[in-house]
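Q: after the sequence you'll find the predicted model.
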Amino acid sequence: MPAWAWIAIVVVAAVVVAVAVWRALAAKRTRALQGRFGPEYDRAREDSDSKRAAEADLAARAERRDELDIRPLAPGARERYVGEWQHVQARFVDDPDGAVREADGLIQSVMAERGYPMDDFEQRAADISVDHPQVVENYREGHRLTRAAALGDGTTEDLRQAMQHYRSLFDALLGDSLATTGATTNSGATTTGNVNTTGMPAGGTTATARPGTPASPDA
C-alpha cells in the first residue's frame, strides 16, 4: 500500500477518535449541567436558539456563582428574618400589596446579607438559579405578579400567589443557611430543610406553569 494511503488512514482514524472524544465530553458536560440545574436546564434550553448557547449560558452562570463569596446567615440573623417574615405575613390580611412589596424587599435583604450581588432582577435570578434551581422559577413568578400588581394589573389572589412564590425562595435561602451552619431553633433543636414560616395564606408553593417573561423590576 502506498505511503500516502497509510497517511490517509491515520488521518481519518485520528479524526474519528477526535469526534468521538468531543461527543463524549459534550455528553458529559450536558449531564453535569442537567444535574446541577435540573428544571432550569430545560428552561434555558427553551429560551435559547440552540443547545450549545443554552449550555454556554448555564456554564457562565455557574462560573460567576463559583467566584462569589456566598456565606450562611448567622443564627441571630436567621431568627430575625423569620420574625420579619411572620410580620409580613400578618400584614397581608390588611395590606396585601404592601405585604408583597415588603416580602420582595426582605428576599433581597437576605440575599445581600448572604453575599449575592444586588444587580438587576434578571442577574439576581440567574445567580439564584445556580444554588436553588428548583425554586428560582417561583422567584420569577412572584416578581412578575408583584410587578403586575404595581401597575394596577393584579388581583388579591395574584398577590397571595406572589407571597407563596416568595416564601419558597425565602425557605430555601434560610434552609440552605441552616444546613451549612447547623443552626438551632429557640427550643434548641437542630433544624434542617424548609423554614417553618407560619401564618402563610393557603395555597401551594411551587410554580407548576411556566410564567411569561418578567418585566424589569428596576425600571
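A: Nice, I can see it.
Q: tell me what whatever helix or strand V21 lives in is packed against?
A: With secondary structure defined by DSSP states H and E, V21 is part of helix 3-37. For helix 3-37, the elements it packs on are helix 39-47, helix 51-66, helix 121-131, judged by 3 or more C-beta pairs under 8 Å, 6 or more residues apart in numbering; DSSP states H and E. In this view, the C-beta of every residue, glycine as well, is placed from N, C-alpha and C.
Q: which of those helices sits most buried?
A: Between the helices and strands packed on helix 3-37, helix 121-131 has the highest mean count of neighbours, a mean of 20, where neighbours are mean count of other C-beta atoms under 10 Å.
Q: starting at the chain centroid, how far to whichever helix or strand comes after that helix?
A: Proceeding N to C from helix 121-131, the next assigned helix or strand is helix 136-150, under DSSP H and E. Chain-centre distance of helix 136-150: 13 Å, with C-alpha atoms, centre = their mean, to the nearest Å.
Q: flag every buried residue along the worst-scoring helix or strand of the chain on mean pLDDT.
A: Among the secondary structure pieces of the chain, namely its helices and strands, helix 3-37 has the lowest mean (mean pLDDT, DSSP states H and E), a mean of 83. Of the residues in helix 3-37, L33, Q34, R36, F37 count as buried by neighbour count, 16 or more other C-beta atoms under 10 Å.
Q: quick one: mean pLDDT for stretch 104-114?
A: Throughout stretch 104-114, pLDDT has a mean value of 96.
Q: figure out how far that stretch is from the centre of its chain.
A: In terms of C-alpha atoms, centre = their mean, the centre of stretch 104-114 is set 14 Å apart from its chain centre.
Q: which parts of that stretch are buried?
A: With the criterion 16+ other C-beta under 10 Å, stretch 104-114 contains buried residues D104, L106, I107, V110, M111, E113, R114.
Q: of those, which belong to helices?
A: Restricting the buried residues of stretch 104-114 to those inside helices, with DSSP state H as the criterion, leaves D104, L106, I107, V110, M111, E113, R114.
Q: before we move on, back to that, right, and the helices and strands packed on helix 3-37 - which one's nearest G76?
A: helix 121-131 (22.3 Å; C-beta to C-beta).
Q: which strands and helices sit next to that closest one?
A: Contacting helix 121-131 under the criterion 3+ C-beta pairs under 8 Å, 6+ apart are the following elements: helix 3-37, helix 51-66, helix 96-114, helix 136-150.
Q: tell me the mean pLDDT for it?
A: Helix 121-131 carries an average pLDDT of 95.
Q: list the contacts of that helix.
A: Contact with helix 121-131 is made by 36-37, 40, 61-62, 64-65, 68, 70, 108, 111, 116-118, 135-136, 139-140, 143, 169, 176, 214, 216-218, as judged by C-beta atoms under 8 Å, 6 or more residues apart in numbering.
Q: C-alpha coordinates for it, CSV please?
A: Extracted as CSV, the C-alpha positions of helix 121-131 are listed here (Å, rounded to 0.1, in the frame of the first residue of the first chain):
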residue,chain,number,x,y,z
PHE,A,121,-33.6,41.2,38.8
GLU,A,122,-32.5,39.1,35.9
GLN,A,123,-29.0,38.8,37.2
ARG,A,124,-30.2,38.0,40.7
ALA,A,125,-32.4,35.3,39.3
ALA,A,126,-29.5,33.9,37.3
ASP,A,127,-27.3,33.8,40.4
ILE,A,128,-30.0,32.1,42.5
SER,A,129,-30.7,29.6,39.7
VAL,A,130,-27.3,28.0,40.4
ASP,A,131,-27.8,27.4,44.1
